[in-house]
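A.B. asks: Here is the input, now give the coordinates:
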Amino acid sequence: MNSHPSLDRTRRHFFKDCGIGVGKIALASMLANEALGASGKSSFMRFPVKAKRVIYLFMAGAPSQLELFDHKPKLKEIEGKPIPPSVIKGQRYAFIQPDAAVLGPCFPFARHGQSGAELSNQLPQLSQIADDLTFIKSMHTEHFNHAPAQLFMSTGSGIPGRASMGSWLSYGIGSEADDLPGFVVLKSGGTVSGGAALWGSGFLPSEHQGVPFREGADPILHVSNPKGVDRTAQRQTLDLLNKLNRKSLGEMGDPEINARIEAYEMAYRMQARAPELMDLASESKETLDLYGITPGKASYAANCLLARRLAERGTRFIQLYHGGWDAHSNVEGNIKKQAKQVDKASAALVQDLKRLGMLDDTLVIWGGEFGRTPMVEASAALKRSGGRDHHPQAFTMWMAGGGTLPGITLGKTDELGFHVTENPVHVHDLQATILRLLGIDHTRLTFRFQGLDFRLTGVEEHHPVKALMA
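C.D. replies: Have a look, this model is predicted:
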């Protein structure tokens, strides 16, 4: 190859001599996804693949399970009285005192479907598909503050700097798409306490981090070329940049340079794919009405439909963060507001995937970082009343599709909804279950960093929950 190639060389010549253009990089990416065994990564793929992709609906701020899923009539009976000291012995709280009074459930519950799943009247749409859902009423975690608990759920550690679940999957099994990111993040309802570390790649190469789409009517910036720059000119510019970056990579060996090359190439490919992806107006009126979408308006509902479209196009892991669930005051009003935003669209996503034949191999997960206390939070100083504090000891999540066993409710809590009494499911157990449904042995998906072999599920003894899997 000449030392000073001119910019007017043909693309075919450039690909032949340099081997760094979009064609070869895209090909390398696809080959990497199809030949995990060549890199030794196939050793962790030890189980049948039941889920090919994941859509994780993360309710940031922690929904009250006592108002939505875990009905406890006993709380109404003893409302206004403190919980017995024997129940709360040794427990820690973020804001309330151990002798805080009990707050009864704010809404009536009813049983639904052949499964008899018990749900609040604030979830009328989910109630209609109860037999498609798998409820876990015995979730528990190790953290009682939002940021550490969100990090723990997303990365397996309450400390920033670890790789997120989507990054682990991008690193381990790649993506089915070569013109869209393998890990996409969508946000609605406000900020999340854990911040960008929730979708970061940690110690994994940075090309595996989540790609956040912006909130609003323009989720992806700069999809169109600047005025006066056509696609050919842009391709030539990127080829030159990649040539220079590849030269630096050869001299310095810094893997982040390769991540930069991949980012440029992915951005170029997304310019062709993104306009079609983002065009929700191309969906039928029936579909838009199913989700409750107002065309042109950003919302959780629009993100749910966008998640389905990403899943259709091969994105491996789509994470929706919907904030606003932190009900330290007026839990009743909070649930009414939030459920109105998420109930219809969450149910629609499951229904839509099912009618398209995608639910069988798409795993949908819904839940927050912990639960809410049976006791009321009330503080004149903080101007709070009728709320619930953070509760890591017991909370509820649900799953659908992707090899889960539909129409079951796993686990129970005591009559006060305070402690798990049957089939406890730790956060790491849930993570191990998700990986198992994707065909992965969670103990073998590791990455060596600073002399240690890290994994999503930590070093403690945790297991996939077989009772959740079909």
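
A.B. asks: Between its first and last residues, how far does stretch 434-449 reach?
C.D. replies: 23 Å (CA to CA, to the nearest Å).

A.B. asks: Need the residues that contact it.
C.D. replies: Contact with stretch 434-449 is made by 43-52, 54, 163, 165, 168-169, 171-173, 203-204, 363, 365, 402-404, 431-432, 453-457, 462, 464, 469, as judged by CB atoms under 8 Å, 6 or more residues apart in numbering. Backbone N, C-alpha and C define where each C-beta goes, glycine included.

A.B. asks: got the residue ranges for the helices in the stretch 251-400 of the chain?
C.D. replies: Per DSSP state H, counting those that start in this stretch, the stretch 251-400 of the chain carries helices over the ranges 255-278, 285-291, 300-312, 331-355.

A.B. asks: now, of the ones you listed, which is deepest in the fold?
C.D. replies: Ranked by mean neighbour count, these are led by helix 300-312 with a mean of 24 (mean count of other CB atoms under 10 Å).

A.B. asks: ok now stretch 133-143, how far from the chain's centre?
C.D. replies: Computed by CA atoms, centre = their mean, to the nearest Å, the chain-centroid distance of stretch 133-143 equals 16 Å.

A.B. asks: same thing with stretch 178-196?
C.D. replies: Stretch 178-196 sits 8 Å away from the centroid of its parent chain (CA atoms, centre = their mean).

A.B. asks: Also stretch 327-343?
C.D. replies: How far stretch 327-343 lies from its chain's middle: 21 Å, per CA atoms, centre = their mean.

A.B. asks: same question, stretch 361-372
C.D. replies: Relative to its chain's centre, stretch 361-372 lies at 8 Å (CA atoms, centre = their mean).

A.B. asks: what about it, start to end distance?
C.D. replies: 32 Å.

A.B. asks: Same check on stretch 133-153?
C.D. replies: 20 Å.

A.B. asks: Pull out the buried positions in that stretch.
C.D. replies: Residues of stretch 133-153 classed as buried by neighbour count (16 or more other CB atoms under 10 Å): 133-141, 143-144, 146-153.

A.B. asks: correct me, but Ile408 touches Gly116?
C.D. replies: No - checked against CB atoms under 8 Å, the pair Ile408 and Gly116 is beyond contact range at 10.3 Å.

A.B. asks: So these two - more neighbours on which side?
C.D. replies: Remark: of Ile408 and Gly116, Ile408 carries more neighbours, 16 against 12, as counted by other CB atoms under 10 Å.

A.B. asks: Report the beta-bridge partners for that one.
C.D. replies: Counting by DSSP bridges, Ile408 is bridged to Thr134.

A.B. asks: which ones are touching it?
C.D. replies: By CB under 8 Å, 6+ apart, the contact set of Ile408 is 115, 134-135, 467-468.

A.B. asks: How about His208?
C.D. replies: By CB under 8 Å, 6+ apart, the neighbours of His208 are 163, 167-168, 170-171, 182-183, 201.

A.B. asks: Can you lay out the helices of the stretch 251-400 of the chain as JSON lines showing distance to Leu240?
C.D. replies: Below are the helices of the stretch 251-400 of the chain laid out as JSON lines (distance: least, CB to CB, whole Å):
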{"stretch": "helix 255-278", "distance to Leu240": "11"}
{"stretch": "helix 285-291", "distance to Leu240": "43"}
{"stretch": "helix 300-312", "distance to Leu240": "31"}
{"stretch": "helix 331-355", "distance to Leu240": "43"}
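
A.B. asks: Please name whichever of the ones you listed is nearest to Leu123.
C.D. replies: helix 331-355 (5.0 Å; CB to CB).

A.B. asks: How far away from the center of its chain is the closest one?
C.D. replies: 16 Å.

A.B. asks: any idea of the mean pLDDT in that helix?
C.D. replies: Here helix 331-355 scores 98 as its mean pLDDT.

A.B. asks: what helices or strands is that helix leaning on?
C.D. replies: Counting by 3 or more CB pairs under 8 Å, 6 or more residues apart in numbering; DSSP states H and E, the packing neighbours recorded for helix 331-355 are strand 53-59, helix 65-68, helix 124-128, helix 285-291, helix 300-312, strand 317-322, strand 362-367, strand 384-391.

A.B. asks: and these as JSON lines, adding mean pLDDT and distance to Met278?
C.D. replies: Formatted as JSON lines, those follow (pLDDT from 0 to 100; distance: least, CB to CB, whole Å):
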{"stretch": "strand 53-59", "mean pLDDT": "98", "distance to Met278": "17"}
{"stretch": "helix 65-68", "mean pLDDT": "98", "distance to Met278": "31"}
{"stretch": "helix 124-128", "mean pLDDT": "98", "distance to Met278": "25"}
{"stretch": "helix 285-291", "mean pLDDT": "97", "distance to Met278": "14"}
{"stretch": "helix 300-312", "mean pLDDT": "97", "distance to Met278": "7"}
{"stretch": "strand 317-322", "mean pLDDT": "98", "distance to Met278": "14"}
{"stretch": "strand 362-367", "mean pLDDT": "98", "distance to Met278": "20"}
{"stretch": "strand 384-391", "mean pLDDT": "96", "distance to Met278": "36"}
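
A.B. asks: residues contacting Ser138?
C.D. replies: 394, 410-413, 420, 422-425.

A.B. asks: who wins for proximity to Arg92 among the helices and strands packed on helix 331-355?
C.D. replies: Here strand 384-391 is closest among those (CB to CB), at 9.4 Å.

A.B. asks: just to revisit the earlier point, quick one: which of the buried residues of stretch 133-153 sit in strands?
C.D. replies: If you go by DSSP state E, the buried residues of stretch 133-153 have 133-140 in strands.

A.B. asks: Ala94 against Asp389, yeah?
C.D. replies: Yes - using CB under 8 Å, Ala94 is in contact with Asp389, at 5.6 Å.
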